[in-house]
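**Q** model this:
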Amino acid sequence: MRRCLVGVLLLAGEVSAQSLTLSIGSGTVVKNGGDCSDVVSGTWETSSLGTVCSELEIWLTAARSCDDASTSSDVVVETVSQSTLSSTSSGSFSFKVSRLPAFDGGTPCGAALDVTTRVCGSLKRQSSGGSCDSTVQASAQTIRYDAVTPGPPSVSLEPLDSKIRVVLSPSESDDADDVTRFFVDVALELPDGGPGPWRNVGGEVGSRFTVTGLQNGVRYLVRGIAIDEAENRSTPSEPVGTAPVATAGFWEGYKGSGGEELGCGSSPAILLLPFLAGHGRRRR
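**A** Numbering: from 1, shown residues only. The predicted structure follows:
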């Protein structure tokens, strides 16, 4: 999922390729409402620009793509002077999550939003005709700010011998790919149907988890908590209850159908027939 997506625009018609490259890491940067003070760092790099006619401007935009220059709704996070561009071909920039365009109009960082921001950059250079009318533009990986908590997961249970198998799935209101893992809590079911003290089992788990070390015939309550890509956690799901059940093996089933333990002189094959007739599987 986290691939290096670096946008580069190459100008056609030139003898050599002129390019501007921006990067903010190895893939999409994901932040939540508690990350407003986090700093996102990036790099810029140029190649074969020739004569540069403007500053390099780097900005953040909520638009679906980068324009040739920033607009009034964008947030400029870095400007690199012409003299710097003439003497070096790379550099760095950084900004806090709280500077995203979503928070530039009065909405505080930390608000329950799910928005995507692009990092853009551009500069002007002298074209082959001698005019400063050639724009070199680039975009970097996106930043996802997600402070929306997922819904409680759905939980289904399968009773096993001294175990309970738990199957969890995201709420129907959530993107299934966005919820990445779960917490599972278990409690004894009290006589009034309510839970005893909850305890987490297994830490962060996938969509299937088996709770072990339980007592057969005793009812337990299980609940789930969904965790999404941005580390947001749902409220706990409604508890679901069941009791582990003992699994009868072959010998227990045989004795339960009337079989007896026999000595060496007996004929166990004949006595096993009633049990096998009810439990055997016909071969084809």
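**Q** Next, give phi and psi for S207.
**A** phi -80, psi -10 (degrees, to the nearest 10).
**Q** That one: how many residues sit nearby?
**A** 15 (other C-beta atoms under 10 Å). Heads up, the C-betas are built off the backbone N, CA and C, glycines and all.
**Q** contacting residues for it?
**A** Going by C-beta atoms under 8 Å, 6 or more residues apart in numbering, S207 touches 167-169, 182.
**Q** Next one: it from P239, what distance?
**A** 18 Å (C-beta to C-beta, to the nearest Å).
**Q** ok, now E158?
**A** 16 Å.
**Q** Tell me which of the two has more neighbours.
**A** P239 (19 against 12).
**Q** Report the secondary structure element holding the closest residue in space to that one that isn't next to it in sequence.
**A** Leaving out its chain neighbours, the residue that sits closest to P239 by C-beta to C-beta, 6 or more residues apart in numbering is L221, at 4.1 Å. Applying DSSP states H and E as the criterion places L221 in strand 220-228.
**Q** Packing partners of that strand?
**A** strand 154-160, strand 163-169, strand 179-188, strand 240-242 (3 or more C-beta pairs under 8 Å, 6 or more residues apart in numbering; DSSP states H and E).
**Q** got the angle for that strand vs strand 179-188?
**A** 160 degrees (axes from the mean of the first three to the mean of the last three C-alpha atoms, to 10 degrees).
**Q** Report the separation between V97 and G206.
**A** 29 Å.
**Q** neighbour count winner among these two?
**A** More neighbours surround V97 than the other of V97 and G206, with 23 against 10 (other C-beta under 10 Å).
**Q** picking that back up, bridged to the residue nearest to P239, which residues?
**A** A187, G241 (DSSP bridges).
**Q** give the contact list for it.
**A** L221 touches 186-189, 195, 239-241, counting by C-beta under 8 Å, 6+ apart.
**Q** Let me know the pLDDT of T135.
**A** pLDDT recorded at T135 is 87.
**Q** rewinding a little: run the chain-centre distance for the strand holding L221.
**A** Between the centre of strand 220-228 and the centre of its chain there are 17 Å (C-alpha atoms, centre = their mean, to the nearest Å).
**Q** So what angle separates the directions of that strand and strand 154-160?
**A** Going by the same axes, to 10 degrees, strand 220-228 makes 140 degrees with strand 154-160.
**Q** Buried residues of strand 220-228, list them for me.
**A** Applying a neighbour-count criterion of 16 or more other C-beta atoms under 10 Å, the buried positions in strand 220-228 are 220-228.
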